[in-house]
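*Asks:* Just the structure for this:
(one chain, ligands or ions: 1)
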Amino acid sequence: MQFAMNELDPATRYKLLVNTITPRPIAWVLTRDGQGRNNAAPYSFFNAMGGTPPLVAIGMAADAQRDGVAEKDSLANIRASGQFAVALVGEAQAEAMNVTACDAPPGIDELALAGLEARPSAQVDAPLIAGAPVQFECKLWKLVETGPHSAIVIGEVVVAHVDDAFLGEEEGRLRIDNPAMKLVGRTYAAGEYVKTDSPLHMDRLSWKEFSGD
Ligand SMILES: Cc1cc2nc3c(=O)[nH]c(=O)nc-3n(C[C@H](O)[C@H](O)[C@H](O)COP(=O)(O)O)c2cc1C
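*Replies:* Numbering: from 1, shown residues only. This is a model prediction of the structure:
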């Protein structure tokens, strides 16, 4: 079966994407509003977009949950400040992450709501989360408007924080123990998550090995 996207209702279009493009990493987006109040929310339309410059992209939809609020708080705060942080979510943080997804009114500190301790960033005006395995401090690189009150936020990572427990050294090179972080991802339906601690290993082939030339 094929689906012409422009003939579908928005809910079906959305389902075709989010129930198939899986698993998706989760950006726990941390911002501050103009009054210095912390905000946190998860976004799984998220990925790294390159290393030089080190970019991440996050898709933020319009707010359909709250009467009279058109734009999600994360997007409004990033628009205003041009700064944010992203924490990755381990199994240990998953429940708290879910709490921060609630449709709280603007100005509510979801970090406090979820019982999380905020820590200062080094270079941006956004909180970090005590105990998160990995966090990125970001400056807004480009905002791509995708529709009314929705946008793709592209951020340049200016500082990366990795919990020392997951760092090591191998032959003089930085080693990051990703499986030990037990990061969770979003999968095919609302409320469904995947664990990422059973990777499938495949060495990449060079053309020489493949062709036998
Ligand atoms: C795991 C998870 C992933 C989510 N991913 C997205 C996303 O990629 N884009 C989006 O607009 N909303 C996403 N949401 C919904 C937002 O987290 C939710 O609308 C939240 O209330 C927004 O908070 P804010 O207004 O403080 O930014 C996701 C929710 C969950 C639980």
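*Asks:* Excluding chain neighbours, give the residue nearest to the residue most central in space within the chain in space.
*Replies:* Closest to where the C-alpha atoms of the chain average out (CA atoms, centre = their mean) is residue 27, at 1.3 Å. Take residue 27 and drop its neighbours on the chain: the residue closest to it by CB to CB, 6 or more residues apart in numbering is residue 46, 3.9 Å away. (Each C-beta comes from the backbone N, C-alpha and C, glycine too.)
*Asks:* For residue 54, which non-adjacent residue is spatially closest?
*Replies:* Residue 54 sits nearest to residue 157 (CB to CB, 6+ apart), 4.2 Å away.
*Asks:* burial count for the one you found?
*Replies:* Counted with other CB atoms under 10 Å, residues neighbouring residue 157 total 19.
*Asks:* Next up, phi/psi of it, please.
*Replies:* Here is the backbone geometry of residue 157 (degrees, to the nearest 10): phi -70, psi 120.
*Asks:* quick one, what contacts it?
*Replies:* By CB atoms under 8 Å, 6 or more residues apart in numbering, residue 157 lies in contact with 54-56, 136-138.
*Asks:* partner residues bridging it?
*Replies:* For residue 157, the beta-bridge partners are residue 138 (DSSP bridges).
*Asks:* Kindly provide the distance from it to residue 138.
*Replies:* Residue 157 is 6 Å from residue 138, where distance means CB to CB, to the nearest Å.
*Asks:* again, but for residue 185
*Replies:* Residue 185 sits at a distance of 20 Å from residue 138 (criterion: CB to CB).
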